[in-house]
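[1] Give me a model of this one.
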Amino acid sequence: MAFPLSVAALAAGLVVSAPSPDAAGTLVVRVTNDCSAAAAQVVEETGGQLLSVQPVGDSCIITVLVQGNGQRPRKVTVKVPM
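    Residues are numbered from 1 along each chain as shown. All right, here's what the predicted structure looks like:
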């Protein structure tokens, strides 16, 4: 189940790392204190619908549902360092 997040909560503490040349196609988002900004960034990058966010140790586990072209949506899980 998706849950609404305020724009202020999503934008709080967002710091986005520049992609390294050896990590093509890898999404890296660094956040401070919570996973809201990371979740917003993953949703924006994937164009998906937020399903869940879990802080685990020094990372956030973010799961989104991404629509396919005429196919069933697929579930994508991303681990993002805090």
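
[2] hey, let's count contacts and neighbours off CA atoms from now on
    OK.

[3] And residue 23, what's its pLDDT?
    Residue 23 is assigned 46 on the pLDDT scale.

[4] could we number from 335 for the rest of this?
    Yes, from this point I'll number from 335; that puts the last item at residue 357.

[5] Just give me the longest helix of this structure.
    In the chain, ranked by residue count with DSSP state H as the criterion, the top helix is helix 370-380.

[6] ok, then the element right after that one?
    The C-terminal neighbour of helix 370-380 among helices and strands, as given by DSSP states H and E, is strand 383-390.

[7] after that next one, next one along is what?
    Using DSSP H and E, the helix or strand that follows strand 383-390 towards the C-terminus is strand 393-400.

[8] What lies in contact with that following strand?
    369, 372-373, 376-377, 380-389, 407-416 (Cα atoms under 8 Å, 6 or more residues apart in numbering).

[9] For ChimeraX, write the selection for the buried entries among those.
    For the buried members of the contacts of strand 393-400, the matching ChimeraX selection, counting by 16 or more other Cα atoms under 10 Å, is:
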select :369,372,373,376,377,382,383,384,385,387,389,412,413,414,415,416
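
[10] start to end distance for stretch 388-404?
    30 Å (Cα to Cα, to the nearest Å).

[11] What are the buried residues along it?
    Along stretch 388-404, the positions that meet the burial threshold by neighbour count (16+ other Cα under 10 Å) are 389, 393, 394, 395, 396, 397, 398, 399, 400.

[12] So, low pLDDT: which residues of the chain?
    In the predicted model of the chain, residues 335-367 satisfy pLDDT under 70.

[13] and if we set it to 90?
    Scanning the chain for pLDDT under 90 picks out 335-368, 402-405, 416.

[14] and the angle from the longest helix of the chain to strand 383-390?
    Orientation check (axes from the mean of the first three to the mean of the last three Cα atoms, to 10 degrees): helix 370-380 against strand 383-390 gives 140 degrees.

[15] Any idea how many residues pack against residue 379?
    Other residues near residue 379 come to 10 when the count uses other Cα atoms under 10 Å.

[16] Report the contact partners of the closest residue to residue 407 other than its chain neighbours.
    Counting by Cα to Cα, 6 or more residues apart in numbering, residue 401 is the residue found nearest to residue 407 once chain neighbours are left out, at 4.2 Å. For residue 401, the contacting residues are 382, 407, 408, by Cα under 8 Å, 6+ apart.
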